[in-house]
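> Sequence first, predicted model second:
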Amino acid sequence: MNWKPINTLFIKIFLSFWFLISLLTTVLISFPLLDNRQLQNVTSSDLDDLNLAQQNLQNFAELHPEATVRELLEYDPGTDFRKVYLTYFSGSFVNNSAPRKMRQFILDSDSAEQPQKKITRELTYLGPIIFKHHQQSYLLYFSAPNQKDSLEVIEWLIDNPFLLLLTALFISTPLCAILAWHLTQPLRQLQQVANQVAQGELNTPFPIINNSDEIQKLADSMQLMVIFLKNMLNNQQRLLSDISHELRSPLTRLGLALAISKKHSGTSKEFQRIELEAKRIESMISEMLNLSRIQLSPMQKEDIALNDFLEELFLDAKFEANEYGKIFTYPPLSTININLYPELAYRAIENVIRNAIKYALHNIIVEISIKPQTIILSIKNDGPLIPENELTNIFRPFYRLSEARDRGTGGEGLGLSIAENAMFKHGGKIWAENIDNQVCMHLQFPRFD
C-alpha cells in the first residue's frame, strides 16, 4: 500500500493548527520583549542630560547655599520642561510628591552606578545620578516629555490588550479561511455530485480532486459506487424489458387463441374473464416499465408557471369527475414559477387525482399552499377512509387495501407508487392522512432547484 503520511487529512489539519497556534504564541510572547519602554541602559546622550540636570541644580545650590534641598527642588533649574526628583539612599522622597510611574521607576532603578531609562506614552524617565548638598548625598532622577508624537505600533498594541487580540484574530482569520477552503472545496464539489446522483442523474461527472488525501479516496469510492449502482440498475432495467417482452409474446398468442376460440365456440363468461385478466397483465407490464423508466431515465427540470402547468390537468380532471357524477373543485391558480420535471410531476398529480375520483362519493377538492421554499398540493376526497396503519403501505408497488375494492375500480396497485417515485425524483415527498372524514393526499414540491 502506497501510503503518504504527509498527505493524510489528519496530518494536514494537525500541522495547520499546530503551526497557527505556535505562531500566535510566539508573537504574543515576543511582543513584550520588543517594547522599548522596558528598563534599558542609558545612552551617552541620556547620560549627558542627567549630568546637565545635576549641574544646573548644583549651580543653583552654590548661588543659594543657605537653601534646603527641598527649596532647591522648588526652583526649575534652567528649563521649563524637566522635572527633577531627589531621594535619599534609603528610598524615601525628598519631593513632596511624585507620580506613580516615577515612583515605580525609582523602585526599579536605584543604582547610581548603572543609570536606567524608561520610556512611557508621555514621558521619558532617567536616573539615578548622585547629587550632593550640605554634605548629604541624594539620588537624582528627572523626567522629560517624550520626543515621540505617538507610540509605535507594538507599544500601542501592548497598551491595548483587546486590540492585540483583534490583531491576532485578524492575522489568524485568513490562515484559517485558507485551510477551511482547502478542506471544504472538494467536499462541496462532492456534495453537488451526490445531490445530482440522489436525483437519479447517474451520469454526472465527478470532479477531479488532486489533494491525494482521504477526500480523494472518498471521491474514488463514491465514483465506484455510482458505477456499480448504474450497472446494477441498467441490468435491472434490461431484465424488466426482457421479462416484459417474454410475457407479451405469450399474451399475444393467448389473445390470438382466445379470438379463434370465440370465433368457433362463441363468447362465454370464461372467455370474457380470460380476456379481462390478459388485459390486466398487459396493463400491469406497461405500468412496471413506466415505473422503471421514472426511476432510471435522466430528465431535465424546467421553470414553469404554476397556472400554465396545472390548468389543463385540472380541467381534464373536472371533466372526468363530471362523467362519474362527481364534483371536482380547485382554487384560482397562481402565476408563480416552479422548477420541476414536467412529465413526472404531471404523472404524479394525475395519478393521485384519478385515484381520488375513483374512490370519492361526491366531491374532490384541491387546495394549494405556496410557501417560500415549497408548494404543497392537497387533494381531498369524501370516499372511504384509509385505516391509519395502512397510510404508508398504499405507496408500495402492487399493494391493495382490499381485493374487492381494487378489482372493482380496475387498479393495478402501481399508481401511487409511480407518484411517490416521481416526487422522490423531485426531491419532494407525498403522504396521506385522514382529515375531517376525508382522505387527503399531500404532494410537496420544492419551488427551486
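Ah, there it is. Quick caveat, the model's predicted, so the values are computed rather than measured.

> residue ranges of the helices in this protein, please?
For the chain, helices defined by DSSP state H occupy the ranges 9-30, 44-63, 69-73, 100-108, 153-159, 161-198, 214-265, 269-296, 306-323, 342-359, 403-409, 415-426.

> Which other helices and strands does the longest one contact?
Packing contacts for helix 214-265, counted by 3 or more C-beta pairs under 8 Å, 6 or more residues apart in numbering; DSSP states H and E, involve helix 161-198, helix 269-296. (Each C-beta comes from the backbone N, C-alpha and C, glycine too.)

> The shortest one: how far from the chain's middle?
To tie it back to what came earlier, the one meant is helix 269-296. 48 Å (C-alpha atoms, centre = their mean, to the nearest Å).

> I'd like to know which of the helices of the chain lies nearest to residue 432.
Nearest of these to residue 432, taken as C-beta to C-beta: helix 415-426 at 8.3 Å.

> Can you tell me which helices and strands that closest one packs against?
helix 269-296, helix 342-359, strand 429-435, strand 438-446.

> And for residue 318, the neighbour number?
Other residues lying near residue 318 total 19 when counted by other C-beta atoms under 10 Å.

> give the contact list for it.
Counting by C-beta atoms under 8 Å, 6 or more residues apart in numbering, residue 318 touches 328, 330.

> how close does it get to residue 351?
To residue 351, residue 318 is 17 Å away according to C-beta to C-beta, to the nearest Å.

> same question, residue 441
In this view, residue 441 and residue 351 are 10 Å apart by C-beta to C-beta.

> For those two, indicate the residue with more neighbours.
More neighbours surround residue 441 than the other of residue 441 and residue 351, with 23 against 20 (other C-beta under 10 Å).

> In the chain, what helix or strand scores lowest on average pLDDT?
The weakest-scoring helix or strand in the chain, judged by mean pLDDT, DSSP states H and E, is helix 403-409 (a mean of 49).

> quick one: residue 345 and residue 426 touch, right?
Yes - look at residue 345 against residue 426 with C-beta atoms under 8 Å: they come within range, at 6.8 Å.

> Touching both of the two, which residues are there?
Looking at what touches both residue 345 and residue 426 (by C-beta under 8 Å, 6+ apart), the common residues are residue 445.

> Please identify which of the two sits among more neighbours.
Just comparing residue 345 and residue 426: by other C-beta under 10 Å the higher neighbour count belongs to residue 345, 26 against 23.

> Just the pLDDT at residue 292, thanks.
pLDDT, residue 292: 67.

> for residue 106, same thing?
In this prediction residue 106 is given a pLDDT of 88.

> Tell me who's in contact with it.
By C-beta under 8 Å, 6+ apart, the residues touching residue 106 are 85, 87, 91, 98, 127-128, 139, 141.

> Out of those residues, which end up buried?
Buried by 16 or more other C-beta atoms under 10 Å: 85, 87, 98, 127-128, 139, 141, out of those.

> Considering the residues you listed, which is situated nearest to residue 16?
Of all the buried ones among the contacts of residue 106, residue 16 sits closest to residue 127, with 49.7 Å by C-beta to C-beta.

> now the closest residue to the closest one other than its chain neighbours: how far from residue 66?
Nearest non-adjacent residue to residue 127, counting by C-beta to C-beta, 6 or more residues apart in numbering: residue 141, 3.1 Å away. Residue 141 sits 25 Å away from residue 66, going by C-beta to C-beta.

> try residue 225
Residue 225 is 104 Å from residue 66, by C-beta to C-beta.

> So between those two, which is more surrounded?
Counting neighbours by other C-beta under 10 Å for residue 225 and for residue 66 shows that residue 225 has the greater number, 11 against 6.

> For the more buried one, report the pLDDT, please.
For residue 225, the predicted pLDDT is 88.

> repeat for residue 231
For residue 231, the predicted pLDDT is 83.

> so how many other residues sit close to it?
11.

> and if you look at residue 118?
Neighbour tally, residue 118, other C-beta under 10 Å: 21.

> Contact partners for it?
37-40, 105, 108-109, 124-125.

> swap in residue 258?
Neighbour list for residue 258: 271, 274-275, 278 [criterion: C-beta under 8 Å, 6+ apart].

> separation between it and residue 243?
To residue 243, residue 258 is 22 Å away according to C-beta to C-beta.

> repeat for residue 60
120 Å.

> can you check residue 334 too?
Using C-beta to C-beta, residue 334 is found at 44 Å from residue 243.

> and what of residue 129?
110 Å.

> more neighbours, these two?
Applying other C-beta under 10 Å to residue 129 and residue 243 shows that residue 129 carries more neighbours, namely 19 against 13.

> If we ignore the residues flanking it in sequence, what's nearest that one?
Distance criterion C-beta to C-beta, 6+ apart; nearest residue to residue 129, sequence neighbours excluded, is residue 50 at 4.6 Å.

> Settle this for me: the one you found is touching residue 125, isn't it.
No - shown here, residue 50 and residue 125 do not form a contact pair, counting by C-beta under 8 Å, at 11.0 Å.

> Common neighbours of these two, please.
Both residue 50 and residue 125 are contacted by residue 142, under the criterion C-beta under 8 Å, 6+ apart.

> between those two, who's got more neighbours?
residue 125 (25 against 19).
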